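Trainee: here is a sequence together with a model predicted from it:
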Amino acid sequence: MPAVSKGDGMRGLAVFISDIRNCKSKEAEIKRINKELANIRSKFKGDKALDGYSKKKYVCKLLFIFLLGHDIDFGHMEAVNLLSSNKYTEKQIGYLFISVLVNSNSELIRLINNAIKNDLSSRNPTFMCLALHCIANVGSREMAEAFASEIPRILVAGDTMDSVKQSAALCLLRLYKTSPDLVLMGEWTSRVVHLLNDQHMGVVTAAISLITCLSQKNPDEFKTCVSLAVSRLSRIVSSASTDLQDYTYYFVPAPWLSCKLLRLLQCYPPPEDGAVKGRLVECLETILNKAQEPPKSKKVQHSNAKNAILFEAISLIIHYDSEPNLLVRACNQLGQFLQHRETNLRYLALESMCTLASSEFSHEAVKTHIETVINALKTERDVSVRQRAADLLYAMCDRSNAKQIVAEMLSYLETADYSIREEMVLKVAILAEKYAVDYSWYVDTILNLIRIAGDYVSEEVWYRVIQIVINRDDVQGYAAKTVFEALQAPACHENMVKVGGYILGEFGNLIAGDPRSSPLVQFNLLHSKFHLCSVPTRALLLSAYIKFINLFPETKATIQEVLRCDSQIRNSDVELQQRAVEYLKLSSIASTDVLATVLEEMPPFPERESSILAKLKKKKGPGAVSVTELDDGKREAGELNGGGDRGPDTAAMAASNASTPSPSADLLGIRSAAPVGAAQTNAGSLLVDVFSDSGPAAPSAAVNDDGFLSSAPPSEDPAPPLSEADELLNKFVCKNNGVLFENQLLQIGIKSEYRQNLGRMYLFYGNKTSVQFASFTTTVSCPGELHKPVEPLVEGGAQIQQVLNIECITDFSDAPLLNIKFSRYGGALQNLTLKLPVTINKFFQPTEMSSSDFFQRWKQLSQPQQEAQKIFKANHSMDTEVLKAKLLGLGTALLDNIDPNPENYVCAGVIQTKSQQIGCLLRLEPNAQAQMYRLTLRCSKDTVSKRLCELLAQQF
């Protein structure tokens, strides 16, 4: 890059920056900036033509002002004019201004493109690099259309300088990521691949990033890169640190390039050519050998570079999973890292060993480190490392060590971090079932699990133990005896009461011969827990009581007395009241034979995948350690909430099993708490009728067998908005990004940005199933058109994006509706309507005010219709920081030291519409003692006051 001459120091810019830094207040800074903007504007509009230096200085000042957070609405043409300068510093500032401030929809884009074309054809390498950097920084579709065919030619041209090739490769990568349909390599493919043989290491490093991205999308077109990548890797690995002096980092030759080469090879299966494969194996062995050598430097940069290559090589070995010797060596190397003093290395070693544990070649080698991993689980200070240790124990578990691992995990559960307890519980439950040779051990383990971590034992876990007990005759008596003993503890968890009520209601007769567990003793033990339980558990216990009348006729009078008491037949909960009345009547009028038929023992459950396994898959999400399927011989019982639809929320759980989230399901890096809505249960099963917490219920018309809301027969008419559409809308009043909707099939994420009366919304549709969505269409009900139509097909596990351009013409209260229709193989047409989170407050521009200005404006807005006020109870915690964040998220300016009461919050802003500006003032008065708020809004338009008051009252 050319050196900057002494005269290019721009003293005026330095003085301006110094003045800004010396400002004592925000007001003084704004005053100084406004003065400078007026001066710059007058210079640009003056009759005297400015020279290049002056233009550069003033454009640089505008850029600095913009970076301080102020809007710049002029100076763009002067920046474009700088692009035609032959001076590097002037051209550089012009490109910098354009890269930062010019919108891709700007009217100046054609002029900018012309200037860029001139620089690309100038053959001046410095100017060419500046132009390529600008294209990459802006990265708009318009620039991709203009230069996507030109840049590959520059990249592969024989007379292009190395620095320009590097910039061209990275620029092309940027354009490919933003507009892959416009970047067509075609005839350039082989020449781009051969850049891996380039003499200049910087060109190879830049080119390999481009080739890796292209290979992931079109592996067949670029498969010739494998042999070239192996050849280049071999030369780097076998070189001494002195051979590549310019690219040696702390005695490690070209570490970044080595990592990229290894990552590129992970896009392909093992090479078919024996010579290439042999050379690659030799490279990997050399990398593993170098890891054993003593370090050439004690500095952390040396070890970081060395270990980065090692872990990437191990990832490639795991990816190939075809070289037993390398897999075992990789495992042993990782085993050494398990006790390394560096926490990050221990974490990475545990994570990689989780994957190695699933390979038949290295599973036994991983098992040799079991004691070290158990010790890490107990002693590690970092919770994330402990979680990886738990994952590795789960992955290395088999029949030979199952009891030891389960015992250690149970022991750790007593002191485990709350954030990982639920996942640990699921893993213990799965391992206990999968490797149970003796099912009495399984029952002991699950009951111990409930005792230790009852709050984290989900319904799937205790459903599953009941399934297995019902399906296995040999364990029923032992389960009844064990759960009876567990219930005798002074304090036992409610989940234990549920399991106890269910098992004793079915198999209490198997232990009734012992005087210590006679029928009345069993009943009194269960009933002693009754008043401590929630309504669903009480409903289950009432069902257990009526079962007792069938199993033990001698308890009939005692149980009828309990059912007859006022607290049951006049219970305020309609479910408990109905059960008590119906069970009492049933026990009074039915003959013994009828009673025995109605209340006979539960039949075995159908053979289905464990619902615990499905829950763990869902909880772990994409990129986690794969959960091994249950062995056929051990898949003893079907899931309680699948097939026969037994238990609460059965349809929703069955749907979660049917479609496991794909790697692209998490669209925005943020995850909603749960799928919206839950399907109702099927009343066709006896268990639902007797043991459900909600009683018989007909299937909802709004829920299909996939658990997808608003399913409809093929129709052109949009479905009505979801019942929870307003609730979903309210979540976005004070934020712009998040997951708008999610169920078992589809996830819809949103990112949006607003400026004055304009907005842009990005909608991300994610197919969470493995089945293709066909005829995928979306319709927005308000006027306007979609900036980019949505793809008609959404592949299984894929994600597509749609862009909406929004303009606020005038104030409004109703949000636009988004209707989504699609069909999938073997399913009905899905028809879903949501409210888009576009509310009037999105068009707020914050307004700073002094105390006197605020109260003067407050008095001016004194007409009754201009004010809206609401007093309401706090819906959320009255945390100061949370309240401030929400008020700022509303879009207004949060004004300090305005209200005489420092506990109150005062905000001001202007809603920008195309037709008018609407000023708004807000005052929020919290009362922490009463947990109440008083919200007052005054706006220059009465309808806006009322709408904002309605929206905000639900946020606090």
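Mentor: Received it, and whenever you're ready, just let me know what you need. Residues are numbered from 1 along each chain as shown.
Trainee: how about low-confidence regions in the chain?
Mentor: Residue ranges of the chain with pLDDT under 70: 1-9, 104-105, 241-243, 607-716, 782-792, 824-828.
Trainee: the stretch 1-150 of the chain: helices as residue ranges?
Mentor: 11-21, 26-45, 52-67, 76-82, 88-101, 109-120, 125-138, 141-147 (DSSP state H, counting those that start in this stretch).
Trainee: tell me which of those sits nearest to R386.
Mentor: Closest approach to R386 among the helices of the stretch 1-150 of the chain is made by helix 125-138 (41.8 Å; Cβ to Cβ). Where C-beta positions appear, they are placed from N, C-alpha and C, glycine not excepted.
Trainee: show me what that closest one is packed against.
Mentor: helix 88-101, helix 109-120, helix 151-156, helix 162-178 (3 or more Cβ pairs under 8 Å, 6 or more residues apart in numbering; DSSP states H and E).
Trainee: sorry, back to before: out of the helices of the stretch 1-150 of the chain, nearest to P902?
Mentor: The stretch from those with the least distance to P902 (Cβ to Cβ) is helix 26-45; that distance is 19.5 Å.
Trainee: now for that closest one, which elements pack on it?
Mentor: Going by 3+ Cβ pairs under 8 Å, 6+ apart, helix 26-45 lies up against helix 11-21, helix 52-67.
Trainee: buried deepest among those helices, which one?
Mentor: helix 52-67 (a mean of 20; mean count of other Cβ atoms under 10 Å).
Trainee: quick one, that one and helix 88-101 angle?
Mentor: 30 degrees (axes from the mean of the first three to the mean of the last three Cα atoms, to 10 degrees).
Trainee: show residues contacting helix 52-67.
Mentor: Residues outside helix 52-67 that contact it (Cβ atoms under 8 Å, 6 or more residues apart in numbering): 7-8, 10, 12-13, 16-17, 33, 36-37, 40, 43-44, 50, 72, 74-75, 78-79, 81-82, 85, 87, 89-90, 93-94, 96-97, 100-101.
Trainee: equivalent analysis for stretch 76-89, please.
Mentor: 1-2, 4-5, 8, 44, 50, 52, 55-56, 58-59, 90-91, 93-95, 97-98, 101-102, 106, 108, 111-112, 115-116, 118-119, 126-127.
Trainee: at 6 Å instead, please
Mentor: 2, 4, 8, 44, 52, 55, 59, 90-91, 94, 97-98, 108, 111, 115, 126 (Cβ atoms under 6 Å, 6 or more residues apart in numbering).
Trainee: re the thing from before, output the helices and strands packed on helix 26-45 as JSON lines; include the columns distance to A539.
Mentor: Converted to JSON lines, the helices and strands packed on helix 26-45 look like this (distance: least, Cβ to Cβ, whole Å):
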{"stretch": "helix 11-21", "distance to A539": "69"}
{"stretch": "helix 52-67", "distance to A539": "63"}
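Trainee: which among the ones you listed is found nearest to L722?
Mentor: Among the helices and strands packed on helix 26-45, helix 52-67 sits nearest to L722 (Cβ to Cβ), with 41.7 Å.
Trainee: tell me how far that closest one is from the chain's mean position?
Mentor: Put simply, helix 52-67 sits 41 Å off its chain's centre (Cα atoms, centre = their mean, to the nearest Å).
Trainee: repeat for stretch 87-98
Mentor: The answer for stretch 87-98 is 40 Å, by Cα atoms, centre = their mean.
Trainee: for stretch 338-349, measure first residue to last.
Mentor: 6 Å (Cα to Cα, to the nearest Å).
Trainee: which SS state does V803 fall under?
Mentor: For V803, the secondary-structure state derived from DSSP: H, G, I helix; E, B strand; the rest coil is strand.
Trainee: just the one 10 residues further on next, same as before
Mentor: Here S813 is coil, with the state taken from three-state DSSP.
Trainee: tell me, how many residues neighbour it?
Mentor: If you count neighbours by other Cβ atoms under 10 Å, S813 ends up with 13.
Trainee: separation between the nearest residue to S167 once chain neighbours are set aside and M185?
Mentor: Spatial nearest neighbour of S167, excluding adjacent residues (Cβ to Cβ, 6 or more residues apart in numbering): L132 at 4.1 Å. Using Cβ to Cβ, to the nearest Å, L132 is found at 17 Å from M185.
Trainee: hmm, back to that, got a ChimeraX select line for the buried ones in the contacts of stretch 76-89?
Mentor: Of those, the buried ones can be selected in ChimeraX as follows, counting by 16 or more other Cβ atoms under 10 Å:
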select :44,52,55,59,90,91,94,97,98,111,115,126
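Trainee: which one's more surrounded, L132 and M185?
Mentor: Legend: neighbour count by other Cβ under 10 Å for L132 and M185, higher for L132 (26 against 19).
Trainee: pretty sure the more buried one contacts C171?
Mentor: Yes - applying Cβ atoms under 6 Å, one finds L132 in contact with C171, separated by 4.4 Å.
Trainee: neighbours of the nearest residue to A590 once chain neighbours are set aside, how many?
Mentor: Excluding its sequence neighbours, the residue lying closest to A590 (Cβ to Cβ, 6+ apart) is V598, at 7.0 Å. As a burial measure, V598 scores 14 neighbours (other Cβ under 10 Å).
Trainee: what about F222, distance to S770?
Mentor: With distances taken as Cβ to Cβ, F222 is found 26 Å from S770.
Trainee: more crowded one of these two?
Mentor: Ranked by neighbour count (other Cβ under 10 Å), F222 and S770 place F222 first, with 22 against 12.
Trainee: for that one, which three-state class applies?
Mentor: Applying three-state DSSP: F222 is coil.
Trainee: what helix or strand is the spatially closest residue to it that is not a sequence neighbour located in?
Mentor: Distance criterion Cβ to Cβ, 6+ apart; nearest residue to F222, sequence neighbours excluded, is S215 at 4.4 Å. Here S215, judged by DSSP states H and E, is contained in helix 201-217.
Trainee: my read is that C734 contacts G891, right?
Mentor: No - judged on Cβ under 6 Å, C734 makes no contact with G891 at a distance of 8.6 Å.
Trainee: these two - which one has more neighbours?
Mentor: Between C734 and G891, counting by other Cβ under 10 Å, G891 is the more crowded of the two (23 against 19).
Trainee: how close does the more buried one sit to F97?
Mentor: Distance from G891 to F97, by Cβ to Cβ: 28 Å.
Trainee: repeat that for I370.
Mentor: 61 Å.
Trainee: go on, A885?
Mentor: 33 Å.
Trainee: equivalent analysis for F854, please.
Mentor: 36 Å.
Trainee: assign G766 to helix, strand or coil.
Mentor: Assignment for G766 (three-state DSSP): strand.
Trainee: is it true that it touches L745?
Mentor: No - contact criterion Cβ under 6 Å: G766 and L745 do not qualify, at 9.7 Å.
Trainee: in terms of neighbours, single out the busier of those two.
Mentor: For G766 versus L745, the count of surrounding residues by other Cβ under 10 Å is larger for L745: 26 against 23.
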